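**Student:** make a model of this:
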Amino acid sequence: MMTSDQILLIKKSWKVFRSIDPLVIGDVFYGKLFHDHPDLRRMFPKDMNDLYRKFMDMMSSLIGRLDHLQEKYEDIKAMGNRHAHYGVRKEHYEAVGVALLWTLERGLGHDWTDEVLHAWQALYVEISTMMIEASTSLPSN
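**Tutor:** Model prediction:
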């Protein structure tokens, strides 16, 4: 569970990213993910521009509701189910978390502190846990 201070740090740091073109952020984030895990590239469309925008919209939506994240539980659960249908497995979440934190660190520069890191880690653990739980509750094919 995130603290109110962590929520404030996340919201403040995300404001920086909202002012950057989603195509740039998406390219950096997915570029890092695919560099570290080239095998994951096959799970994504050739043209990633729409996905870059969806990623930023999803992040902005979640961060906008951090004070009431449980209200987004059904949306997060649905996102976990969608990702499971795309072939995302539990072990992929760690790679995504590393790419996300790396992207945030690059974007925030000197504003990336241990406190900001720990806040984003707490958020990612909370959301990814919800998504994994939702995806593992799906019936097997």
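**Student:** quick check, residue 1 in contact with residue 123.
**Tutor:** No: here residue 1 lies out of contact with residue 123, judged by Cβ atoms under 8 Å, at a distance of 10.6 Å. Placement of C-beta: from N, CA and C, glycine included.
**Student:** the lowest-mean-pLDDT helix or strand in the chain packs against which elements?
**Tutor:** When the helices and strands of the chain are compared on mean pLDDT, DSSP states H and E, helix 73-85 comes out lowest with a mean of 89. When contacts are defined as 3 or more Cβ pairs under 8 Å, 6 or more residues apart in numbering; DSSP states H and E, helix 73-85 sits against helix 49-64, helix 114-136.
**Student:** hang on, the earlier thing: so residue 1 and residue 123 - more neighbours on which side?
**Tutor:** Set side by side, residue 1 and residue 123 show more neighbours around residue 123, with 22 against 6, by other Cβ atoms under 10 Å.
**Student:** list the contacts of the more buried one.
**Tutor:** Listed by Cβ atoms under 8 Å, 6 or more residues apart in numbering, the contact set of residue 123 reads 2, 6, 10, 66.
**Student:** mind redoing it with 7 Å?
**Tutor:** Each residue near residue 123 by Cβ atoms under 7 Å, 6 or more residues apart in numbering is listed here: 2, 10.
**Student:** per-residue pLDDT, it?
**Tutor:** Residue 123 is assigned a pLDDT of 96 by the prediction.
**Student:** returning to what we had before: okay, buried residues for the least confident helix or strand of the chain please.
**Tutor:** Residues of helix 73-85 classed as buried: 76-77, 79-80, 83-84 (neighbour count, 16 or more other Cβ atoms under 10 Å).
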